[in-house]
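A.B. asks: Have a look; sequence and predicted model below, questions after that.
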Amino acid sequence: MKLRIKFTKSGVMKFIGHLDVMRYFQKAMRRAEIDISYTTGFSPHQIMSFAAPLGVGLESNGEYFDIEADSVTNGNDMKDRLNAVMVDGMHIESIRLLPENAGNAMASVAAAKYTILFDSSFSCPFDLENAVNIFMAQESISVTKQTKRNVKEMDLKPYIYEMTVKDGVIFLLVNASSSGNIKPGLVMETLFKENGQTLPESALKITRQDTYTNTGTEDAPVFIPLEDIGYEF
Amino acid sequence: MVKPALSDEILLKIEKPARYIGNEVNSVVKDKEQVDIRFAMCFPDVYEIGMSHLGIQIIYDLLNRFEDTWCERVYSPWTDLDQIMRKEKIPLFALESQEPIREFDFLGITLQYEMCYTNVLQILDLSGIPFYAVDRTEADPIVIGGGPCSYNPEPIADFFDIFYIGEGETMYRKLLDTYKENKRNGGSREDFLYQAAKLPGMYVPRFYEVTYKEDGTIASFLPVKEDIPETIVKELVTDLSETSYPEKPVVPFIKVTQDRVVLEIQRGCIRGCRFCQAGQIYRPVRERNAEVLKKYALTLLKNTGHEEISLSSLSSSDYSQLEELIFFLIEECARKKINISLPSLRIDSFSLDIMSKVQDVKKSSLTFAPEAGSQRLRNVINKGLTEEVILKGAALAFEGGWSRVKLYFMLGLPTETEEDIRGIAELSNKIAAVFYETVPKEKRNGKVQIVTSTSFFIPKPFTPFQWSPMNTKEELIEKAYLTKKAVTEQLNQKSIKYNWHEADVSILEGVFARGDRKTAKVILKAYEKGCLFDSWSEYFHNDLWMEAFQECGVSIDFYTTRTRSADEIFPWDFLDCGVTKEFLKREWVKAQKEEVSPNCKMQCQGCGANRFKSGICMEKGQEQKDETQD
């Protein structure tokens, strides 16, 4: 049986990197005595697949991973058992059963929504709402992206699906697929650069609100939260 | 959730912020208004090392079981954060509450190796606690040391208020009650220390005065008040199965050195290798009942979620219920998909069978620790392992499919000759030869791989070799060179890889292992010059240490290469670790005569530890030998 688990990550847990979050959940499965499936072979490991890695320093209300289980009780019981062994800042939101033909969490990810706030010690040096409107009205947004090997020029625009400002909070819906993932920090840096400013380190408080899959087409995407692929049990 | 002591900006800038945020699974958070005593327990090294230490977990659990006490953890900030804390004047804080250490009642520091001494000073420095214990005020925590290095606390005695000598399980309640009582009565820090000094196992350095002879050795070592004991006997747990064991150890977020459930199966060792301090100071051997351990294994796996379990003890093969325990673990762990990490076991058909069950034979290696290259020298050090046993074990293993062997030796042992050193290479060669004799060509999966490593012998307090001179740095380097040369002369040299340790650190360890109070100023000087994380080769600065010795006018040779007379008063002689000086002296004489001593299971040697009336000393058939008998 394939299960999809949605969790939140907040507070100091934002300093725990992706690999350590994976290790954390492997141990949590054992503490909660979830009947997770293992691979066969000399050193069996849990069958677990994470959706989209979250950068260190970001909080999230919509993180996901899939597991395979040999047996299940019901979603609420398993959720409670896991929540009983969580630390502060990690909370299981839902556990849903996936249809057998569902793609795995990582491959399913298409987009992620973020909210971005400025740190209280920092005030934005330009009219944010206006700047975002101008930013998004452009045909293309050219950035130089530093990869491991070289620096490459790319157009950000097709990867930003939505960017709005309300009451000083920026809402950002961007591509989060494994091939086209855009970091919200990069979008903000570019915005600042286009306004002749540099963004100081750690001026932003970024929260991923949810992670989405695309049930539409590439040209006419329909983004739905990853948990909506599964059903309650 | 507790607010971190460090800002987001700092936490995002430094390496592995998870070292400093606390909040781990099973970490204990209490309401500070509801406790009387705040205790900070420190391992003076980086988080990943400190979190792997069982002793801290035991004390942490023990203290937090007390309703009136909140014990938290603190580790050495890594060099990146160290810089920032100094620059921004951020006081060192405990992980659980994220509050400054200086506000605590106690700061406990475990002393596991000599090369952590500058890190001890870093902890005090960053906490804002004066280095010298006598300079501290009522506002400072009581700084208390423990662990193996407290069996010669003298090099760092000036920096500590108390040393707790022996096993932590027994005296903390009494100590904390004394502290509370003193506070209630409006007593001062000095009052408390005076009362603590009268408790069993507690050494309060300020109440002891040392005088020296002209040649620099100790003339007298006496308490300055008459109701303080002249000798301090180590504390010891009589029944290990009855003592508390941490059932919910803290589970770190980041990968640490020992990222697994650890079951302590026994304390002490029956072997009596003459170079080994642990083999003496933890006497007598006490086993923990296998039934108790099985229960702990299940509870600990459930409470931590770890995917691996290991056994901890000295000489695990000597644990009498090993077979039963391991078979239980193999069965349970297979069901739960848990790995078993085996301790190093004597190589025989039993251990090979176990090893093939729990690890991949092709990937794992065999370990032998002959410690010396010749039988003569192995007799000197009382290492029972014979060449015949090693070669037989190797043959058995090669037949079983193993092809990797690790060998551990020491260079610089007392009475060592060139022949003994060549013996290291020759033994390595013989093992390689056994492979080619045992395994037919068509079954060989490449060459046999022998990894031969040498470390340098450092004479330690409370061992028969405490009287032994240590080699000079030049001699040690020469010996490593000789070993290397001898290896290259062997027929199977291509199958042998030789590793050796740096000599510089060993010399310093040699100084502080047998150092006295006069060496304290060198440690402080070295720290002031920037020495920190000395056990990390990339941060070890021998030149700064040498400057510190020179500027303080302290001779290294006095502590290392000097020959000590049989009647010299050692800096640690005021401590009583159970074994008597007479016993150690007898063993030192036997060593020079190349005579071996049987182990505790074979025949009692009258070491003195039987006065604790526990463990092996109480087993039937153990004839108690009179101490004065030879």
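C.D. replies: Thanks, I have the structure now.
A.B. asks: can you name the farthest residue from the center of chain A?
C.D. replies: No residue in chain A sits farther from the centre than A:F42, which is 33.0 Å out by C-alpha atoms, centre = their mean.
A.B. asks: how about the residues of chain B near chain A?
C.D. replies: B:1-2, B:4, B:7-9, B:11-13, B:17-18, B:21-25, B:251, B:253-255, B:301-307, B:336-337, B:339, B:360 (C-beta under 8 Å from any C-beta of the partner chain). In short, each C-beta sits where N, CA and C put it, glycine included.
A.B. asks: Can you pick out the ones from those residues that are in strands?
C.D. replies: The strands, defined by DSSP state E, take in B:N339 from those.
A.B. asks: which of the residues of chain B next to chain A count as buried?
C.D. replies: Buried by 16 or more other C-beta atoms under 10 Å in any protein chain shown: B:2, B:4, B:8, B:11, B:17-18, B:21-25, B:251, B:253-254, B:301-307, B:339, out of the residues of chain B next to chain A.
A.B. asks: all strands for chain A, in order.
C.D. replies: Going by DSSP E, chain A shows strands at A:2-9, A:48-50, A:59-68, A:90-97, A:109-118, A:142-146, A:151-155, A:160-166, A:169-175, A:204-214, A:223-225.
A.B. asks: Need the three-state assignment for the nearest residue to B:Q592 once chain neighbours are set aside.
C.D. replies: Leaving aside its chain neighbours, B:Q592 sits nearest to B:T415 (6.8 Å; criterion: C-beta to C-beta, 6 or more residues apart in numbering or on different chains). On the three-state scheme (DSSP: H, G, I helix; E, B strand; the rest coil), B:T415 is labelled coil.
A.B. asks: What does the pLDDT read for residue 104?
C.D. replies: The chain I'm using is chain A. Looking at A:N104, its pLDDT is 88.
A.B. asks: wait, I meant chain B there
C.D. replies: Reported pLDDT for B:F104: 98.
A.B. asks: follow-up on the earlier one: who wins for proximity to chain B among the strands of chain A?
C.D. replies: strand A:204-214 (8.4 Å; C-beta to the nearest C-beta).
A.B. asks: Would you give the sheet partners of that closest one, along with the direction of each?
C.D. replies: Paired neighbours of strand A:204-214 in the sheet (DSSP bridges): strand A:59-68 (parallel), strand A:109-118 (antiparallel), strand A:223-225 (antiparallel).
A.B. asks: and that strand with strand A:2-9, angle?
C.D. replies: Counting by axes from the mean of the first three to the mean of the last three C-alpha atoms, to 10 degrees, strand A:204-214 lies at 160 degrees to strand A:2-9.
A.B. asks: Kindly present the strands paired with strand A:204-214 as JSON lines, with separate columns for mean neighbour count and mean pLDDT.
C.D. replies: Output for those, formatted as JSON lines (neighbours: other C-beta atoms under 10 Å in any protein chain shown; pLDDT from 0 to 100):
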{"stretch": "strand A:59-68", "mean neighbour count": "22", "mean pLDDT": "97"}
{"stretch": "strand A:109-118", "mean neighbour count": "22", "mean pLDDT": "97"}
{"stretch": "strand A:223-225", "mean neighbour count": "16", "mean pLDDT": "96"}
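A.B. asks: Export those strands as a markdown table, with columns for distance to B:Y179.
C.D. replies: Output for those, formatted as a markdown table (distance: least, C-beta to C-beta, whole Å):
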| stretch | distance to B:Y179 |
| --- | --- |
| strand A:59-68 | 41 |
| strand A:109-118 | 47 |
| strand A:223-225 | 55 |
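A.B. asks: Residue 29: how many residues sit nearby?
C.D. replies: Just so you know, I chose chain A. A:M29 has 22 neighbours, counted by other C-beta atoms under 10 Å in any protein chain shown.
A.B. asks: you looked at the wrong chain, it should be chain B
C.D. replies: Neighbour number of B:V29 under other C-beta under 10 Å is 15.
A.B. asks: Now do it, the pLDDT please.
C.D. replies: Value listed for B:V29 in the pLDDT field: 97.
A.B. asks: Over to A:T144?
C.D. replies: On the pLDDT scale, A:T144 is placed at 84.
A.B. asks: got it, and B:T628?
C.D. replies: pLDDT at B:T628 comes out at 43.
A.B. asks: in terms of contact, does B:G55 touch B:S150 like I think?
C.D. replies: No: using C-beta atoms under 8 Å, B:G55 is not in contact with B:S150, being 11.7 Å away.
A.B. asks: Sounds good, over and out.
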